[in-house]
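A.B. asks: Any chance you could fold what I've pasted below:
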Amino acid sequence: MNTGFVIINIVVLLAIMALLIFMQRKHVSFTKRVFTGLGIGIVLGFALQFIYGADSTVLGQTTDWYSIIGNGYIRLLMMIVVPLVMVSIIQSIINLEKSSELGKIAAWIIGFLVTTAMVAALIGVVTAGIFDLNAEQIEAGQAETDRGMMLEDRLGEVENLSTPQKILNFIPSNIFLDMTGDRATSVIAVVIFSMIVGIAVLGVRRKNPEQAEMFTKMVNAVYAVIMRIVTLILRLTPFGILALMANTVASTNFAGIMELGKFVIASYVALFVIFIFHFILVAVFGLNPFTYVRKVIPVLGFAFTSRSSAGTIPLTIQVQKNSLGVDTGISNMAASFGATIGQNGCAGMYPAMLAVMIAPTVGIDPFTPAFLVKLILIIGISSFGVAGVGGGATFAALIVLSSMGLPVALAGLLISIEALIDMGRTAINVNDSILAGTLTARVLKKLNVKIFQDRAAIEENISL
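C.D. replies: Numbering: from 1, shown residues only. As a prediction, this is how the structure comes out:
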């Protein structure tokens with residue numbers, strides 16, 4: 001009998017996908033199709049949990065089948081991340097007029113990412129204070145206790161690493177291993193390798209221009225093919241978001257959310273304030289923030305549902321180049337760096353809020369100047385190398401809490417609402433990547449303002 005219900009649920013998903021295909025054939029805009037998939041996915045997820053129950057076998061089997069579409073889409077995006085980052089950065093560097101521009105671009109992007117992460121941490125601290133968040137207010141069940149023990153076990157992986165050792169981890173020793181995404185810093189390692197290759201080509205161009213030209217043509221050809229693959233994958237976005245959202249809502253522990261409602265509300269208030277801070281930064285640099293928001297919303301919607309900053313890299317690059325008018329080299333670098341450096345949600349706000357919540361449990365006043373200054377500085381330094389996939393926030397929290405001398409096990413108290421909060425954090429992480437690229441292009445006069453202001457360019461972010 002269960003099999004029959006599962007088949008019905010699969011047919012419902014296929015019918016909705018057919019509707020999205022029909023909308024595409026009727027030339028309904030990509031943005032509208034994305035949000036249609038998002039909205040119907042939410043409704044479908046609620047319906048599945050309401051009809052079958054959160055712990056039912058039917059729901060578990062249904063989400064397994066739905067994950068073929070949702071998680072399959074994320075896997076396709078992850079598949080193209082490394083070749084896209086590598087070829088994009090090599091091509092960007094060999095097309096630079098001056099090699100000295102590379103250092104300026106990297107410095108501005110990293111500067112924006114880390115600075116905004118520290119501001120996000122401060123926002124998290126203030127929000128936690130306003131909502132009077134305290135870990136002692138949460139009752140620990142078996143799941144929370146198990147999660148806390150897991151965090152303590154994982155702490156051994158990071159607590160003995162000094163800051164120089166963490167920076168050393170960025171440098172690749174086996175580029176083929178990093179191409180597999182084996183480490184949290186694999187994306188940055190690939191970026192560094194690609195930058196070295198690009199700089200080497202510039203050197204070869206001065207001494208042996210014929211060979212450099214041959215390599216450049218090869219890179220341009222590979223880049224064209226990879227971008228075509230990206231386009232093909234991104235066409236699946238409405239379907240991927242539909243399935244991801246349905247699975248997320250259907251699997252959400254609403255009882256846990258109700259119990260920890262104050263923490264959920266506080267987290268999203270902090271994330272909203274960070275987004276407003278980004279909004280203000282766009283205006284400060286002389287750009288229309290409403291135009292910016294309108295163009296990035298589809299990408300943020302995918303980041304929200306996928307919970308993967310790294311998986312969103314192809315979309316992040318596309319929206320910067322085609323919708324916002326950011327220079328190709330800057331957009332590639334900002335998307336790559338932003339997936340692992342200075343993540344405002346996972347590496348900034350989240351560990352700061354946890355530190356403020358946990359400090360009183362060991363008799364520390366988290367609002368003393370000494371504690372706050374130390375916390376913000378540690379977050380700025382530790383924001384390098386946070387993995388851009390699910391679990392990155394946990395890694396950041398372990399580093400910050402252990403550096404502040406706070407018990408990491410108490411971070412496991414939020415396990416029941418982790419997924420819900422992580423969705424918002426990921427959207428803010430991705431927005432910060434786009435923001436860093438846009439502002440860097442603005443500062444270095446590499447922003448095509450006409451494209452930025454072109455309202456029609458909102459659909460250019462994904463070439464269909």
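
A.B. asks: Need the single longest helix in this structure, by residues.
C.D. replies: helix 57-94 (DSSP state H).

A.B. asks: looking just at contacts, which helices and strands does it meet?
C.D. replies: The contact analysis (3 or more C-beta pairs under 8 Å, 6 or more residues apart in numbering; DSSP states H and E) places helix 57-94 against helix 2-25, helix 30-52, helix 186-207, helix 209-234, helix 237-251, helix 313-318, helix 328-338. Backbone N, C-alpha and C define where each C-beta goes, glycine included.

A.B. asks: any chance of those helices in CSV, plus mean neighbour count, distance to residue 179 and mean pLDDT?
C.D. replies: As requested, these are exported to CSV (neighbours: other C-beta atoms under 10 Å; distance: least, C-beta to C-beta, whole Å; pLDDT from 0 to 100):
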stretch, mean neighbour count, distance to residue 179, mean pLDDT
helix 2-25, 14, 32, 90
helix 30-52, 19, 30, 87
helix 186-207, 18, 7, 84
helix 209-234, 15, 14, 86
helix 237-251, 25, 24, 86
helix 313-318, 27, 14, 85
helix 328-338, 27, 13, 85
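
A.B. asks: Could you point out which of the ones you listed sits nearest residue 284?
C.D. replies: The closest of the helices and strands packed on helix 57-94 to residue 284 is helix 328-338. By C-beta to C-beta, the value is 18.0 Å.

A.B. asks: Remind me what that closest one packs against, helices and strands.
C.D. replies: Secondary-structure packing of helix 328-338 (3+ C-beta pairs under 8 Å, 6+ apart): helix 57-94, helix 100-130, helix 186-207, helix 313-318, helix 418-443.

A.B. asks: For the helices and strands packed on helix 57-94, could you give me a markdown table that also reports distance to residue 276?
C.D. replies: Shown next, in a markdown table, are these (distance: least, C-beta to C-beta, whole Å):
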| stretch | distance to residue 276 |
| --- | --- |
| helix 2-25 | 32 |
| helix 30-52 | 22 |
| helix 186-207 | 28 |
| helix 209-234 | 28 |
| helix 237-251 | 25 |
| helix 313-318 | 21 |
| helix 328-338 | 19 |
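
A.B. asks: Between those, which one is closest to residue 375.
C.D. replies: The nearest among those, by C-beta to C-beta, is helix 328-338 at 22.4 Å.

A.B. asks: name the helices or strands packed onto the helix or strand just after that closest one?
C.D. replies: Using DSSP states H and E, the helix or strand that follows helix 328-338 in sequence is helix 350-358. Packing contacts for helix 350-358, counted by 3+ C-beta pairs under 8 Å, 6+ apart, involve helix 100-130, helix 261-284, helix 369-382, helix 392-403.

A.B. asks: Same list (those helices) but as JSON lines, adding distance to residue 312 and mean pLDDT.
C.D. replies: JSON lines is the format used below for these (distance: least, C-beta to C-beta, whole Å; pLDDT from 0 to 100):
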{"stretch": "helix 100-130", "distance to residue 312": "15", "mean pLDDT": "90"}
{"stretch": "helix 261-284", "distance to residue 312": "16", "mean pLDDT": "91"}
{"stretch": "helix 369-382", "distance to residue 312": "22", "mean pLDDT": "88"}
{"stretch": "helix 392-403", "distance to residue 312": "13", "mean pLDDT": "72"}
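
A.B. asks: Looking at the ones you listed, which one is packed in the most?
C.D. replies: Burial of the helices and strands packed on helix 350-358 is given as mean neighbour count (mean count of other C-beta atoms under 10 Å); helix 392-403 ranks first at a mean of 24.

A.B. asks: on that earlier part again, go through the helices and strands packed on helix 350-358 and name the closest to residue 197.
C.D. replies: helix 100-130 (12.3 Å).

A.B. asks: and the angle for the closest one with helix 418-443?
C.D. replies: 140 degrees (axes from the mean of the first three to the mean of the last three C-alpha atoms, to 10 degrees).

A.B. asks: before we move on, the earlier item: buried residues in the longest helix of the chain?
C.D. replies: By neighbour count on 16 or more other C-beta atoms under 10 Å, the buried set for helix 57-94 is 58-59, 61-63, 66-67, 69-71, 73-74, 76-78, 80-94.

A.B. asks: quick one: average confidence on it?
C.D. replies: On average, the pLDDT along helix 57-94 is 85.

A.B. asks: roughly how far out does it sit from the chain middle?
C.D. replies: 13 Å (C-alpha atoms, centre = their mean, to the nearest Å).

A.B. asks: and the angle for it with helix 2-25?
C.D. replies: Using the same axes, to 10 degrees: helix 57-94 against helix 2-25 is 40 degrees.

A.B. asks: Helix 57-94 vs helix 30-52, what angle?
C.D. replies: Going by the same axes, to 10 degrees, helix 57-94 makes 160 degrees with helix 30-52.

A.B. asks: got the angle between helix 57-94 and helix 209-234?
C.D. replies: Using the same axes, to 10 degrees: helix 57-94 against helix 209-234 is 160 degrees.

A.B. asks: that older thread, can you tell which of the helices and strands packed on helix 328-338 is closest to residue 362?
C.D. replies: Counting by C-beta to C-beta, residue 362 lies closest to helix 100-130 out of these; the figure is 15.9 Å.

A.B. asks: Remind me what that closest one packs against, helices and strands.
C.D. replies: Using 3+ C-beta pairs under 8 Å, 6+ apart, helix 100-130 sits against helix 186-207, helix 261-284, helix 328-338, helix 350-358, helix 369-382, helix 418-443.

A.B. asks: Alright, that wraps it up for me.
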